[in-house]
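Student: Prediction below, plus the sequence it came from.
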Amino acid sequence: MSAYRGRLAPTPTGELHLGHARTFHAAFRRAMDADGALVLRIDDLDPLRCRAEYTRQAIDDLRWMGVHWTEGPYFQSQRTEIYVDTWRRLRDAGVIYPSHVSRKELRDAAHAPHEDEEGAEPIFPAEWRAPIGAERAYEAPWGVAWRFRVPDGEVIRFDDAKRGMQAYTAGVDVGDFVVWRKDGVPAYELAVVADDIAMGITEVVRGEDLLRSTARQLLVYRALGATPPAWCHEPLVRDAQGRRLAKRYQALSLKTLRERGYTFEELLARGDDMAGVGEGGAAALPDV
């Protein structure tokens, strides 16, 4: 087996759809082609939205797709100590700070991005940052949100296997981002970096809606003194209105497609013909 280590990281907040399937299958194929390892990790940090039945369904869907893994499943909900340790390292490096600004206050700020920008979020105003050194008053992350202080003006570059060279400017494209939520839950940017480092992941395969997130995560890798993985962001599957398939739009799920008699091989063969099936699209699909 080679040194290649990939991962599958479904979030059990709803049923998987065709977009997930294509990305997970691509991750599987890249690991198999490299004769490498593939880790299954369930990103179930959010206690209010993640449900055990979605975890079971995701694992069942992956097996139906013919995807298999060499390690796992691991569960983020059982890895809190790793995230707290990572938070301490970032605190000691002086790159994070406590923030009492609410989401509504940030949304109302004048620096909010256009809604059509993939992965965009309001740019946190520099004047709202806590003073340098404020983090030293905290021995643990609990009870307050924590943000990463981005190096304003620095261009963050990375080479993507599918999209080529990417560049984002800190303070313009990427603002101070949350690494720990006020409700005590580690944020995505901290948790996935901590896990990918701990699990020795050498390539991350995921959807292109997370390209901007990669720029944020590269800053976390650098602050931790860790070597980042290679990146491969797969094209998104979109519906007839051009929206990416998403759980919040009740996009056609793999479970529904399976119940209607499709095999995964047939869905792959259809290619982008399936992209026109969006909300309520099950009735438009012929029975097989």
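Tutor: Looks like it came in fine.
Student: Please put the alpha-carbon coordinates of the biggest helix by length in the chain into PDB.
Tutor: Criterion DSSP state H: the longest helix present in the chain is helix 18-33. Provided in PDB are the C-alpha atoms of helix 18-33 (Å, rounded to 0.1, in the frame of the first residue of the first chain):
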ATOM      1  CA  LEU A  18     -26.300  12.600  -6.100                       C
ATOM      2  CA  GLY A  19     -23.700  15.400  -5.500                       C
ATOM      3  CA  HIS A  20     -22.400  13.700  -2.400                       C
ATOM      4  CA  ALA A  21     -22.300  10.400  -4.300                       C
ATOM      5  CA  ARG A  22     -20.200  11.700  -7.100                       C
ATOM      6  CA  THR A  23     -17.700  13.300  -4.700                       C
ATOM      7  CA  PHE A  24     -17.400  10.300  -2.400                       C
ATOM      8  CA  HIS A  25     -17.000   8.000  -5.400                       C
ATOM      9  CA  ALA A  26     -14.300  10.200  -6.700                       C
ATOM     10  CA  ALA A  27     -12.500  10.100  -3.400                       C
ATOM     11  CA  PHE A  28     -12.800   6.300  -3.400                       C
ATOM     12  CA  ARG A  29     -11.400   6.000  -6.900                       C
ATOM     13  CA  ARG A  30      -8.500   8.300  -6.200                       C
ATOM     14  CA  ALA A  31      -7.500   6.300  -3.200                       C
ATOM     15  CA  MET A  32      -7.900   3.000  -5.000                       C
ATOM     16  CA  ASP A  33      -5.900   4.200  -8.000                       C
END
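Student: I'd like the next helix or strand past that helix.
Tutor: Downstream of helix 18-33, the first helix or strand assigned by DSSP states H and E is strand 37-42.
Student: quick one: strands adjacent to that next one?
Tutor: Note on strand 37-42: by DSSP bridges, its sheet partners are strand 5-8 (parallel), strand 71-75 (parallel).
Student: can you redo those as a markdown table with mean pLDDT?
Tutor: Listed next are the strands paired with strand 37-42 as a markdown table, based on pLDDT from 0 to 100:
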| stretch | mean pLDDT |
| --- | --- |
| strand 5-8 | 98 |
| strand 71-75 | 98 |
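Student: which of the ones you listed is buried the deepest?
Tutor: Among those, the stretch with the highest mean neighbour count (mean count of other Cβ atoms under 10 Å) is strand 5-8, at a mean of 25. The way it works is simple: take the backbone N, C-alpha and C, and place the C-beta from them, glycine included.
Student: how far does it sit from the chain's center?
Tutor: Remark: strand 5-8 is offset 13 Å from the chain centroid, using Cα atoms, centre = their mean, to the nearest Å.
Student: Which residues does it contact?
Tutor: Residues from elsewhere that reach strand 5-8, judged by Cβ atoms under 8 Å, 6 or more residues apart in numbering: 24, 27-28, 30-31, 34, 36-41, 62, 67, 69, 196, 199-205.
Student: Tell me how many other residues surround residue 39.
Tutor: Burial of residue 39 is recorded as 21 neighbouring residues (other Cβ atoms under 10 Å).
Student: I'd like to check which residues are in contact with it.
Tutor: Neighbouring residues of residue 39 by Cβ under 8 Å, 6+ apart: 5-8, 69-72, 74, 199, 201.
Student: 6 Å instead, please
Tutor: 7, 71-72, 199 (Cβ atoms under 6 Å, 6 or more residues apart in numbering).
Student: Would you map the strands across this protein?
Tutor: Residue ranges of the strands in the chain, as given by DSSP state E, are 5-8, 37-42, 71-75, 96-99, 145-148, 155-160, 164-169, 177-180, 203-207, 230-234.
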